[in-house]
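J.: Predicted structure and sequence below. I'll ask about it afterward.
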Amino acid sequence: MVLRATFILLGCLLALPARAIDTQITITSETDAENRRQQLINNAWGVVSGQLPTTKAQLEQKGATDPWNGTTWFPHNVSRVDIYTTPMSNGQTASAYMYFAGSPNNHRFVALNPGHAETCDWRADATSYNMQPALMGLLAAGYSVFTMNMPVGAGSTGSFYDPNSPCGDVNNHNILFATYGNAAMHYFLEPLVQVINFLQAPPANYFPDGVPFTDYNIAGLSGGGWTCMAYMALDTRIHNGICVAGSMPGLWFVDGIANPGNSSGDQEQSLTPYYTIAGYLDQYVLAALGQGRLHRQILDVNDNCCFGQAWWRGGQTTALGTPITDLENPNLPPGVPVPAPMGSFFNWQAYYSATGGTGPPGAAAQCGNAPTCDWDTYTAYYSNQLTSALPAIGPGTNLPVVRDPQATTHQISVCGAGSPTINPYTSTGLTVCTAANGTTSVGGQLDGLSLIIATLDSNPPTAMLLGRDEILATTSGLTYSRSSRTFGGTITITNISNGSIAGPFQIVLASLTSGVTLTNATGSFGGSPFLTVTDVSELSTGDSATVKMQFSNPSFGAISFVPTTYAGTLQ
């Protein structure tokens, strides 16, 4: 019976024609990439504009009770906790926490997604995934974190207050598609769209220290790793994305394959109309494409669920002796191995190998026609495709795929994960673990969380906030012009540091009096207007530069604001 089932599975694979999801990179230019991005948006939202929604998240509660109070993870580096609710079509909603970093605070935003957690409450998430220390580590390094969940099922509330609405349940996800069709895809993505819309145009005096975020980033595990990639492919406002154990390009995602084991059970990962527009390799390109943008993928060598070394070759246990299990199949109890020859136990190494391979003609080309397409060879091949193809398409960075030997299971590997009081993660000192087998990690490779933080630190925002020990901003008095009916004045910035500071320089007028408009503003940043200091590319110690301000003030009341200066380009 087992042999017959194996024959039927291979027969389905051999007969199936190649799909867009399993091809090489097909995007040829920035124009082509933008067209694909717009088509993906149209498909996911059922629109024709090619534009992401402009709806803003609702601020359900400002200054909410910290849910970690009373746990071993408290206190942590948090200045304030808010709750956002994101209403969507068909009555779907999602609620999630926003944690603003205390001190240090680098004014950078990270959306962190745990994937198929089957709970909306991060305190109840399985500790083996290490999402709790990942949250705490990012906060300790000065990053503010939005704890973004995967969606719930049709008709559920999407609230962590509702125990009957588990976030990230595979069966519920498939119900979404059965109920709403292709448009169900946007429920996985829109909450973050709305949150960034809100944060880029918030109420007055919203940020705890008055300083908006300088960039927006994303990271996630498993289904959260998939969300990381899929979202970054659509929203160019995302600066960095570090996606862990969430996807690989390949045939197992295609609809119609008799592979009901892990990694193919979620329709959001295999929806043919969506991935025919852009397969995984093309979406990896979209995720990185754009000036200053960076996409990094991390795969766990010893992953017992998804995309690991043993999974690839059809093994039943990892190198550490852990059974390969289907963590995301709702038809199996947690921890129960997938029965052969289903799912995890299909041998993809044999399928893609050029010598004695079981795949159809052309399959071996997906692995560079390597005689033996082992996991390292396959991941290196498609990684090299990405890093080499992107420069010819446009700006951006697709870093080589990282194969993490430190994870002992399906997780973001973390140093000291079992000791929440030990938190070695700071922006200046990142701890290096040893590999899971007890040997020194190759090349001193960082654990997964440290690698996420190091990657974010390595690609800073295009504009950096200048401190009070670097730049002094002084304003003149304001005079009224009867001809223009505006109030005019100047603002001067002076370099008071011990070294030169490179521009361009942007001056944000935060907390501007309500009803007052800066009529000559260059643009808006975090809901506040800003001015660009023109004709100055650098300020040496003691040098100054001045820019004019012009305000419309119908009430003729007092005008107040807090000037903050940035070096670089605001987005």
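T.: Arrived safely.
J.: Below-threshold pLDDT in the chain: ranges please.
T.: By pLDDT under 70, the weakly predicted segments of the chain are 1-23, 153-165, 251-265, 316, 323-346, 415-445.
J.: does the closest residue to residue 351 other than its chain neighbours sit in a helix, a strand or a coil?
T.: Among residues not flanking residue 351 along the chain, residue 359 sits closest, at 4.3 Å (C-beta to C-beta, 6 or more residues apart in numbering). All C-beta atoms are positioned from the backbone trio N, CA, C, and that covers glycine. Taken by DSSP: H, G, I helix; E, B strand; the rest coil, the conformation at residue 359 corresponds to coil.
J.: what about the helices in the stretch 251-400 of the chain?
T.: 272-275, 280-288, 309-312, 348-352, 375-393 (DSSP state H, counting those that start in this stretch).
J.: sorry, that was for the chain
T.: 2-15, 30-45, 131-140, 170-180, 190-200, 223-234, 272-275, 280-288, 309-312, 348-352, 375-393, 448-458 (DSSP state H).
J.: In a markdown table, list these along with distance to residue 99 and mean neighbour count.
T.: As requested, these are exported to a markdown table (distance: least, C-beta to C-beta, whole Å; neighbours: other C-beta atoms under 10 Å):
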| stretch | distance to residue 99 | mean neighbour count |
| --- | --- | --- |
| helix 2-15 | 45 | 13 |
| helix 30-45 | 28 | 19 |
| helix 131-140 | 6 | 24 |
| helix 170-180 | 26 | 18 |
| helix 190-200 | 13 | 22 |
| helix 223-234 | 16 | 27 |
| helix 272-275 | 32 | 18 |
| helix 280-288 | 24 | 26 |
| helix 309-312 | 33 | 24 |
| helix 348-352 | 39 | 23 |
| helix 375-393 | 32 | 17 |
| helix 448-458 | 15 | 22 |
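J.: Out of these, flag the one nearest residue 90.
T.: The closest approach between residue 90 and any of the helices of the chain, judged by C-beta to C-beta, belongs to helix 170-180 at 6.1 Å.
J.: Could you point out which of the helices of the chain sits nearest residue 553?
T.: The stretch from the helices of the chain with the least distance to residue 553 (C-beta to C-beta) is helix 190-200; that distance is 24.7 Å.
J.: And that closest one, what does it pack against?
T.: strand 78-87, strand 93-101, strand 108-113, strand 215-221 (3 or more C-beta pairs under 8 Å, 6 or more residues apart in numbering; DSSP states H and E).
J.: again, 6 Å this time
T.: strand 78-87 (3 or more C-beta pairs under 6 Å, 6 or more residues apart in numbering; DSSP states H and E).
J.: what angle do the strand it packs on and helix 131-140 make?
T.: With axes from the mean of the first three to the mean of the last three C-alpha atoms, to 10 degrees as the basis, strand 78-87 and helix 131-140 are set at 120 degrees to each other.
J.: ok now strand 78-87, how far from the chain's centre?
T.: Distance, stretch centre to chain centre, for strand 78-87: 18 Å (C-alpha atoms, centre = their mean, to the nearest Å).
J.: now what about it, what contacts it?
T.: Strand 78-87 is touched from outside by 57-58, 60-64, 66, 93-100, 102, 191, 194-195, 208, with contacts defined as C-beta atoms under 6 Å, 6 or more residues apart in numbering.
J.: before we move on, back to that, would you tell me which of the helices of the stretch 251-400 of the chain gets closest to residue 181?
T.: Evaluated over those, closeness to residue 181 peaks at helix 272-275, with 9.2 Å, by C-beta to C-beta.
J.: Relative to the whole chain's centre, how far out is that closest one?
T.: Using C-alpha atoms, centre = their mean, the distance between the centre of helix 272-275 and that of its chain works out at 21 Å.
J.: Tell me where the stretch 301-450 of the chain has strands.
T.: For the stretch 301-450 of the chain, the strands defined by DSSP state E, counting those that start in this stretch occupy 397-398, 402-404.
J.: okay, now the nearest residue to residue 486 once chain neighbours are set aside: neighbour count?
T.: Distances taken as C-beta to C-beta, 6+ apart put residue 550 closest to residue 486, at 5.0 Å, once the chain neighbours are dropped. Other residues lying near residue 550 total 17 when counted by other C-beta atoms under 10 Å.
J.: who's residue 550 bridged to?
T.: With beta bridges defined as DSSP bridges, residue 550 has these partners: residue 488.
J.: Just the buried residues of stretch 92-111, please?
T.: Taking 16 or more other C-beta atoms under 10 Å as the basis for neighbour counts, the residues of stretch 92-111 that come out buried are 92-102, 105-111.
J.: How far does it stretch from one end to the other?
T.: 20 Å (C-alpha to C-alpha, to the nearest Å).
J.: what sits up against it?
T.: Identification of contacts with stretch 92-111 by C-beta under 6 Å, 6+ apart yields 77-87, 138-139, 142-149, 158-159, 187, 191-192, 208, 211, 213-218, 465.
J.: Selecting buried members of those residues in PyMOL, what would you type?
T.: Restricted to buried positions by 16+ other C-beta under 10 Å, the PyMOL selection for the contacts of stretch 92-111 reads:
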select buried, resi 77+78+80+81+82+83+84+85+86+138+139+142+143+144+145+146+147+148+149+158+159+187+191+192+208+211+213+214+215+216+217+218+465
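J.: who's in contact with residue 364?
T.: So residue 364 contacts 354, 357 (C-beta under 6 Å, 6+ apart).
J.: Kindly recompute the last result at 10 Å.
T.: Contact partners of residue 364, counting by C-beta atoms under 10 Å, 6 or more residues apart in numbering, are 351-355, 357, 370-371, 373.
J.: Buried among those? Make that a PyMOL selection.
T.: Selection command for PyMOL covering only the buried members of the contacts of residue 364, criterion 16+ other C-beta under 10 Å:
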select buried, resi 351+352+353+354+357+370+373
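J.: Tell me which two in the contacts of residue 364 are the farthest apart.
T.: 351 and 371 (13.9 Å).
J.: any residues in contact with both of the two?
T.: In terms of C-beta under 10 Å, 6+ apart, residue 351 and residue 371 are both contacted by the residues 357, 364.
J.: on that earlier part again, among the helices of the chain, which comes closest to residue 366?
T.: Closest of the helices of the chain to residue 366 is helix 348-352, at 5.8 Å (criterion: C-beta to C-beta).
J.: So what touches the closest one?
T.: Under C-beta under 10 Å, 6+ apart, the answer for helix 348-352 is 10, 13-14, 248, 250-252, 259, 307, 309, 311-315, 356-360, 363-370, 372-375, 377-378, 381.
J.: Could you rerun that using 8 Å?
T.: With contacts defined as C-beta atoms under 8 Å, 6 or more residues apart in numbering, helix 348-352 is touched by 13, 250-252, 312-314, 356-359, 363-364, 366-367, 370, 372-375, 378.
J.: Verify the contact between residue 495 and residue 542 for me.
T.: Yes - with contacts defined as C-beta atoms under 8 Å, residue 495 counts as touching residue 542 at a distance of 6.5 Å.
J.: Near residue 459, how many other residues are there?
T.: Residues lying near residue 459 (other C-beta under 10 Å) number 17.
J.: my bad, residue 182
T.: In terms of burial, residue 182 registers 17 neighbours under the definition other C-beta under 10 Å.
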